[in-house]
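A.B. asks: Sequence first, then the predicted structure:
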Amino acid sequence: MLAYLVKRVFQAIAVMFAISLIGFAIQDNLGDPLRELVGQSVSEEVRQQLRDELGLNDSFMTQYLRFAGNALQGDLGTSYFFKEPALDVILKKLPATLELVMGATLIIVGLSVPLGVYTAIKPNAILSRIIMGVSIIGISIPVFLTAILMIFVFSVEYGWFPSFGRGEVVHVFGSWDTNFLSADGWMHILLPSVALASIMLPLFVRLIRAEMMEVLQSEYVKYAKAKGIRPFRIYFVHALKNTLLPVITVGGVQIGTMVAYTILTETVFQWPGMGFMFLEAVNRVDTPLIVAYLIVVGFIFVVTNTIVDLIYGLVNPTVNLARMGA
Amino acid sequence: MSLLSVRDLSVKFAMRDQTVTALNHISFDLAKGERLGIVGESGAGKSITGFALMNLLSRPGFIDSGSIHFEGEDIVQMSEAQMRTIRGNRMAMIFQDPMVTLNPVLTIGQQMVETLQAHRKLSKAEAEQIAIVKLREVYIPSPEERLGQYPHELSGGMRQRIIIAIALLLDPELIIADEPTTALDVTIQADIMELLLELCQSNKVGLILITHDLGVVSQMTERTLVMYAGRIIEAGRTREIINDPQHPYTQGLINALPQQTLPGQRLKQIPGNMPGLDAVPVGCPFAPRCQFAVDHCRTTLPELVRYGDVEVACHEVNRLHETRTEDQSA
Ligand SMILES: Nc1ncnc2c1ncn2[C@@H]1O[C@H](COP(=O)(O)OP(=O)(O)OP(=O)(O)O)[C@@H](O)[C@H]1O
Ligand SMILES: [Mg+2]
């Protein structure tokens, strides 16, 4: 178990190394930090001197190591626009994004299992056909289009839901304000969460359905029937557990991917999270902020995947963690 | 009254463009505690018979007609809920491949306890006590520890013993075992069969043993059904069927046994293949492969009729029997 853990952590570190390299390469090639610092009116000699002082004339390797060393200490540079440490800027925006991801995850987990199981058990029912049809539509429409359509229908036409912002949030601690503790907060987070879930949910319904149908054909399910076990137990104990094992792995990857989709959702709903911030940073060529965003998102991605892999190992009795570490 | 009485049972498969018949008017009886073998080549309909008796045919398959009286009640007419009270309780099944029969994510204990609790009001602790007793009966070492283990931690032979223990959990009247040893290592096949025989005898449990192997049938069973292309073509006491087979197909099966072959000689396989379900010939289904077939065989289906001590479905059984007796006396 410990050996497996160590192995996974090393893999995670390797991935983070690759991400930091990419981040640094972007910083190295995007924009001129001197221009941001001193503007146009400084003579060439002073510029050279500044370059030397800032270490911009050092070799790529030296510069990268300095960058990585700083990053490890939580220093991802200073945002040109906010004049604040980039990491601080991002961490302030992080809760809004995480809450959005959480809202979408709740929708996905809460609905995909019952819908996937139902469509697998009753593949020919009319309701199943409707679910499968809608899921195809959900997968094929891009997230930003779903978001715009939802605003048009539910905010503009019917006026049921607000169309932008987080609304009334409740302060929890630090920079974390939550949507989940006020009615207005719930009203504001609902549409963006649905929009964000609009591709993953149908994907998961279809995945769970396909896995479940295969499991229901297995010998052990037939055997459970031959033992006189009730259908409810067969579906939810015998079949579902085996169905969800492969789904967990895919799920880990998708949570990370969802963070990327937040850029679109947050922009359409003007959700003050780090996805919205990222797009603004790109417009302003705020290189440190862009790089810091990439690294933070990469970090979230790596951490969720590692955790999901570990959970998979724990819930699947046939995975011998001790042996996998070897 | 017999334990099981099957009459004119027909099973069909609803395929996309046609409906094929997998079991064709099967009838047989099983007395309490009796052990019956079902033999025949692959595709003869042996497994289908086993699942039909449990009313467990899956999707395209269905019971088209006939009755299956189990202790006087017709299983075919039963609701799913009624049927559930019989499955695993009064009638248990042992599957072919123990590597895929047990659920990989549930412990042995969970899979035993759930079976008991499905049929009796028992606490987990009480159920586990019964499970341990049954595991001991099938010679599983340290049964208490096994309860916490997952199937993948155990060998195939061990798993099949556990499956036998699960079959015995609720003291059923009938066990249906579908090739219970074919997936196992040759060295332990005989052990498992012996165990099954011993437990059926000591518990007075009826057994339907499905197998390819006539040798196993002769050791394990009192009566035998020989199946061909979804029909019973010979039925009777195992000893008679093995020693004096009447149907040319049964004779072919026995001649193909390794024991019947001298060292160095090739196995005498029956030439040709059994017809597929969509291409069963009119007349006797075995006629195309039968060296004794006459015109009549190719046009008219022979009924299963009593001949001496056995039942045979062969038009020419009389003639063949006489020739054989002449050969022997000559
Ligand atoms: N789900 C199914 N759909 C269509 N045909 C099927 C299905 N299951 C079985 N059959 C057919 O029914 C016939 C009898 O099958 P069955 O499994 O009973 O054979 P068997 O005698 O048990 O053979 P084996 O010795 O190979 O196990 C075969 O021809 C098979 O192709
Ligand atoms: Mg079979």
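C.D. replies: Nice, thanks for sending it over. Ligands and ions are numbered 1, 2, ... in the order given.
A.B. asks: how about low-confidence regions in the stretch 201-326 of chain A?
C.D. replies: A:319-326 (pLDDT under 70).
A.B. asks: With chain B instead?
C.D. replies: By pLDDT under 70, the low-scoring segments of chain B are B:260-267, B:330.
A.B. asks: any chance you could map the strands in the stretch 1-150 of chain B?
C.D. replies: Taking DSSP state E, counting those that start in this stretch as the test, the strands found in the stretch 1-150 of chain B are B:4-14, B:19-30, B:35-39, B:61-70, B:73-74, B:91-94.
A.B. asks: Indicate each strand paired with the fifth one and its parallel or antiparallel sense.
C.D. replies: According to DSSP bridges, strand B:73-74 forms sheet pairs with strand B:61-70 (antiparallel).
A.B. asks: what does the stretch 51-200 of chain A put close to chain B?
C.D. replies: By the criterion of C-beta under 8 Å from any C-beta of the partner chain, no position of the stretch 51-200 of chain A is found lying close to chain B. For glycine as for every other residue, the C-beta is placed from the backbone atoms N, C-alpha and C.
A.B. asks: In the stretch 51-200 of chain A, what residue comes closest to ligand 1?
C.D. replies: For the stretch 51-200 of chain A and ligand 1, the shortest gap (C-beta to the nearest ligand atom) falls at A:Pro123, measuring 16.1 Å.
A.B. asks: what do you get for chain A?
C.D. replies: When scored by C-beta to the nearest ligand atom, chain A has A:Gln217 as its residue closest to ligand 1, at 10.0 Å.
A.B. asks: Could you pull up the residues touching that residue?
C.D. replies: Under the criterion of C-beta atoms under 8 Å, 6 or more residues apart in numbering or on different chains, the contact list for A:Gln217 reads B:Ser58.
A.B. asks: what's the burial count for A:Tyr235?
C.D. replies: Other residues within reach of A:Tyr235 by the criterion other C-beta atoms under 10 Å in any protein chain shown amount to 19.
A.B. asks: likewise A:Val285?
C.D. replies: Other residues lying near A:Val285 total 15 when counted by other C-beta under 10 Å.
A.B. asks: Quickly find the element holding the closest residue to the residue of the stretch 51-200 of chain A closest to ligand 1 other than its chain neighbours.
C.D. replies: On the basis of C-beta to C-beta, 6 or more residues apart in numbering or on different chains, the spatially nearest residue to A:Pro123 that is not a chain neighbour turns out to be A:Met213, at 7.0 Å. Counting by DSSP states H and E, the element that carries A:Met213 is helix A:183-216.
A.B. asks: From the contact counts, what lies against that helix?
C.D. replies: With contacts defined as 3 or more C-beta pairs under 8 Å, 6 or more residues apart in numbering or on different chains; DSSP states H and E, the secondary structure elements packing on helix A:183-216 are helix A:86-121, helix A:126-140, helix A:143-150, helix A:240-269.
A.B. asks: Checking my notes, B:Ile175 in a strand, right?
C.D. replies: Yes - the assignment for B:Ile175 by DSSP: H, G, I helix; E, B strand; the rest coil puts it in a strand.
A.B. asks: For it, which residues are in contact?
C.D. replies: When contacts are counted by C-beta under 8 Å, 6+ apart, B:Ile175 touches B:Met91, B:Ala92, B:Met93, B:Ile94, B:Ala167, B:Leu168, B:Leu196, B:Cys200, B:Val205, B:Gly206, B:Leu207, B:Ile208.
A.B. asks: Distance check, it against B:Leu168.
C.D. replies: Shown here: B:Ile175 relative to B:Leu168, a distance of 8 Å by C-beta to C-beta, to the nearest Å.
A.B. asks: which residues are in contact with both of these two?
C.D. replies: With C-beta under 8 Å, 6+ apart, B:Ile175 and B:Leu168 have common neighbours B:Ala92, B:Val205.
A.B. asks: Straight-line length of stretch B:279-295, end to end?
C.D. replies: In stretch B:279-295, first residue to last residue: 19 Å (C-alpha to C-alpha, to the nearest Å).
A.B. asks: Could you see whether ligand 1 lies near it?
C.D. replies: No - residues of stretch B:279-295 contacting ligand 1 under C-beta under 6 Å from any ligand atom: none, with a closest distance of 9.9 Å.
A.B. asks: Figure out how far that stretch is from the centre of its chain.
C.D. replies: Averaging C-alpha coordinates over stretch B:279-295 and over its chain gives two centres that are 25 Å apart (C-alpha atoms, centre = their mean, to the nearest Å).
A.B. asks: buried sites along that stretch?
C.D. replies: Residues of stretch B:279-295 classed as buried: B:Val280, B:Gly283, B:Cys284, B:Pro285, B:Phe286, B:Ala287, B:Pro288, B:Arg289, B:Cys290, B:Phe292, B:Ala293 (neighbour count, 16 or more other C-beta atoms under 10 Å in any protein chain shown).
A.B. asks: With secondary structure and distance to chain A as added columns, please give the residues you listed in CSV.
C.D. replies: Putting the buried residues of stretch B:279-295 into CSV (DSSP: H, G, I helix; E, B strand; the rest coil; distance: C-beta to the nearest C-beta, whole Å) gives the following:
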residue, secondary structure, distance to chain A
B:Val280, coil, 27
B:Gly283, coil, 36
B:Cys284, coil, 34
B:Pro285, coil, 28
B:Phe286, coil, 31
B:Ala287, helix, 35
B:Pro288, helix, 34
B:Arg289, helix, 32
B:Cys290, coil, 36
B:Phe292, coil, 40
B:Ala293, coil, 39
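A.B. asks: Now for the residues you listed: which two are most distant?
C.D. replies: In these, two members sit farther apart than any others by C-beta to C-beta. They are B:Val280 and B:Phe292, at 19.4 Å.
A.B. asks: Report the entries of the contacts of B:Ile175 that also contact chain A.
C.D. replies: Near chain A, by the rule C-beta under 8 Å from any C-beta, you find B:Ala92, B:Met93 out of the contacts of B:Ile175.
A.B. asks: Intersect the contacts of B:Ile175 with the contacts of ligand 1.
C.D. replies: Restricting the contacts of B:Ile175 to those adjacent to ligand 1 (criterion: C-beta under 6 Å from any ligand atom) removes every one of them.
A.B. asks: I'd like the contacts of B:Ile175 as JSON lines, with neighbour count appended.
C.D. replies: Listed next are those as JSON lines, based on neighbours: other C-beta atoms under 10 Å in any protein chain shown:
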{"residue": "B:Met91", "neighbour count": "27"}
{"residue": "B:Ala92", "neighbour count": "28"}
{"residue": "B:Met93", "neighbour count": "28"}
{"residue": "B:Ile94", "neighbour count": "26"}
{"residue": "B:Ala167", "neighbour count": "29"}
{"residue": "B:Leu168", "neighbour count": "21"}
{"residue": "B:Leu196", "neighbour count": "26"}
{"residue": "B:Cys200", "neighbour count": "24"}
{"residue": "B:Val205", "neighbour count": "22"}
{"residue": "B:Gly206", "neighbour count": "21"}
{"residue": "B:Leu207", "neighbour count": "23"}
{"residue": "B:Ile208", "neighbour count": "25"}
